[in-house]
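Visitor: for reference, the sequence and a predicted model appear below.
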Amino acid sequence: MTQAVMIYNAGGLEPLGQVSLRHAVLMMWRGVARAFETVPGQYVGQFPRPRSVELVRYVYAKWKYERTGRLSPSTDNVLRRDRHKCAYCGRAATTRDHVMPLSRGGRTEWSNLVAACRACNEAKKARTPAEAGLRLRLQPFVPTLNDLYPNRL
């Protein structure tokens, strides 16, 4: 039971994260969540096997938002926005990179962050992409909730 199950807030529109299948079934058993999307014809004990679950009560997800209510530029969110592709070489990304390094006055904001593979991030160091001989393949942008979770509906 190691498959990931998406958790949605009450109402089913706000994705909160993922948990293991075991955790999702325990949440349904405790009555704090119900199956939102299931695998047809498959059950885990008495419960239909969930692909996603929805919380029974709304939870304010303060960890997902900045004080302004906008989406936070966390590493996970930057990777989601850039589809887990390195902005410099196109390979699988595992980290985020400040286009203008913090040490050079760059800020931790959506317009200055891109997903990067470890090799490109280490090669760039505290330089701009041009100084490091790297070409930025995409322009950073402020995403909407739909940009981060396009299949949520």
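Guide: Yep, that arrived.
Visitor: residue 29: what's it in contact with?
Guide: Shown in contact with residue 29 (CB atoms under 8 Å, 6 or more residues apart in numbering): residue 47. (Each C-beta comes from the backbone N, C-alpha and C, glycine too.)
Visitor: where do the helices sit along this structure?
Guide: 21-30, 75-81, 118-124, 129-132, 145-148 (DSSP state H).
Visitor: in the first one, which residues are buried?
Guide: By neighbour count, with 16 or more other CB atoms under 10 Å as the criterion, the buried positions of helix 21-30 are 21, 23, 24, 25, 27, 28.
Visitor: which one among the residues you listed gets closest to residue 44?
Guide: residue 25 (5.0 Å; CB to CB).
Visitor: how near is that closest one to residue 52?
Guide: 13 Å (CB to CB, to the nearest Å).
Visitor: for residue 85, same thing?
Guide: For residue 85, the distance to residue 52 - CB to CB - is 24 Å.
Visitor: then residue 28?
Guide: Residue 28 is 12 Å from residue 52, by CB to CB.
Visitor: quick check: neighbours shared by the two?
Guide: residue 35.
Visitor: partners of the closest residue to residue 18 other than its chain neighbours in the sheet?
Guide: Distances taken as CB to CB, 6 or more residues apart in numbering put residue 4 closest to residue 18, at 4.3 Å, once the chain neighbours are dropped. Here residue 4 sits in beta bridges with residue 20, going by DSSP bridges.
Visitor: which residue of this structure sits farthest from its center?
Guide: Most distant residue from the mean C-alpha position of the chain: residue 46, 30.9 Å away (CA atoms, centre = their mean).
Visitor: for this protein, longest strand please?
Guide: strand 33-44 (DSSP state E).
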